[in-house]
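Engineer: using only what follows, build the 3D model:
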Amino acid sequence: QVQLVESGGGLVQAGGSLRLSCAASGRTFDVYSLGWFRQAPGKERAFVASIRWSGSTTRYADSVKDRFTISRDRSRDTLWLQMNSLKPEDTAVYYCAAHQDGSWDYWGQGTQVTVSS
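Structural biologist: Reported below is the predicted structural model:
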């Protein structure tokens, strides 16, 4: 089992920045990669970014490329998402997830990000 707890969400004006954190605990040594997803009102949950737990390979959704940066510190079992140049369409609940056995097996409770225009 892996437990994930997000923090850092809030209200920000368009063009501003936020940094989300995700604290991981449990069997983190079995984790293949960690990622961020988001779900806007009335929409399905969507992939935002991911990073290999061992190594530095990252992936981003086209909509956030060049604005968001995912990073992690294995010694602290922590994942971050630096979000810059935020837009109103980035408003969503953001979830941290862990990929272990071929799928995104574990999820955090989510943190709300609201970007005002």
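Engineer: so Leu20 sits against Val12, correct?
Structural biologist: No: applying Cβ atoms under 8 Å as the test, Leu20 and Val12 come out as separate, 11.7 Å apart. For every residue, glycine as well, the C-beta is placed using N, CA and C.
Engineer: hey, what's in contact with both of the two?
Structural biologist: Residues within reach of Leu20 and of Val12 at once, by Cβ atoms under 8 Å, 6 or more residues apart in numbering, are Val113.
Engineer: which one of these two has more residues nearby?
Structural biologist: Leu20 (24 against 17; other Cβ atoms under 10 Å).
Engineer: so which residues make contact with the host helix or strand of that one?
Structural biologist: Using DSSP states H and E, Leu20 sits within strand 18-26. Contact with strand 18-26 is made by 1-10, 12, 31, 34, 36, 77-83, 86, 94, 96, 98, 108, 111, 113, as judged by Cβ under 8 Å, 6+ apart.
Engineer: what ranges does this protein have for its strands?
Structural biologist: Here the chain has its strands, by DSSP state E, at 2-7, 10-13, 18-26, 33-39, 46-52, 58-60, 68-73, 78-83, 92-99, 104-107, 111-116.
Engineer: returning to what we had before: in PyMOL, how would I select the buried members of the contacts of strand 18-26?
Structural biologist: Applying 16 or more other Cβ atoms under 10 Å to those, the buried members can be selected in PyMOL as follows:
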select buried, resi 2+4+6+8+9+12+31+34+36+77+79+80+81+83+86+94+96+98+108+111+113
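Engineer: and stretch 3-13, what's its mean pLDDT?
Structural biologist: Average pLDDT, stretch 3-13: 97.
Engineer: fine by me, thanks again.
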